[in-house]
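Enquirer: kindly return the folded structure for what I paste below:
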Amino acid sequence: METKNPHPGNEIQVELTEEIAQGTYANLAIIAHSSYEFIIDFIRVVPGVPKAKVKSRIILTPDNAKRLLYALQDNIRKFEEQSGDIDKFDNILPPLGGIKGEA
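Expert: Predicted coordinates:
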């Protein structure tokens, strides 16, 4: 599967292998940062199991972390508008920043 950049003149062909397309389930993310990068560890926590493994680690520049933030905000807004679940999770999600990390 290949997709193209929606911005004309800046086309990048992105290859998505079948293995990567399957995705990796994670139900916890831990975010840390240094002066030069943001590190996001995606983790799968299983109830009753005392250990949880990091399933994927993504390292981003501060600029790209901010782009990810904006893209997530935009997609969440669109999701909420389409599903009618605007602000559904505001009262049940714990506040961000519960786990602090620094690389």
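
Enquirer: for the residue nearest to Val54 when sequence neighbours are not counted, give me its contacts.
Expert: In space, and not counting its chain neighbours, Val54 is closest to Asp41: 4.7 Å by CB to CB, 6 or more residues apart in numbering. To be clear about C-beta, it is placed using only N, CA and C from the backbone, and glycine gets the same treatment. By CB atoms under 8 Å, 6 or more residues apart in numbering, the contact set of Asp41 is 29-32, 54, 56-57.

Enquirer: report the buried members of these.
Expert: When these are checked for burial by 16 or more other CB atoms under 10 Å, the buried set is Ile31.

Enquirer: tell me which two of the contacts of Asp41 sit farthest apart.
Expert: Ala32 and Ser56 (14.4 Å; CB to CB).

Enquirer: still on that earlier bit, any chance of a markdown table for the contacts of Asp41, columns secondary structure, pLDDT and distance to Pro47?
Expert: A markdown table is the format used below for the contacts of Asp41 (DSSP: H, G, I helix; E, B strand; the rest coil; pLDDT from 0 to 100; distance: CB to CB, whole Å):
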| residue | secondary structure | pLDDT | distance to Pro47 |
| --- | --- | --- | --- |
| Ala29 | strand | 95 | 18 |
| Ile30 | strand | 96 | 18 |
| Ile31 | strand | 96 | 23 |
| Ala32 | strand | 97 | 25 |
| Val54 | strand | 95 | 18 |
| Ser56 | strand | 95 | 21 |
| Arg57 | strand | 97 | 23 |
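
Enquirer: quick check: longest helix of this structure.
Expert: Longest helix in the chain, counting residues (DSSP state H): helix 62-83.

Enquirer: so what's Ala65 up against?
Expert: Here Ala65 is in contact with 33, 38 (CB under 8 Å, 6+ apart).

Enquirer: hmm, try it at 6 Å
Expert: Neighbour list for Ala65: Phe38 [criterion: CB atoms under 6 Å, 6 or more residues apart in numbering].
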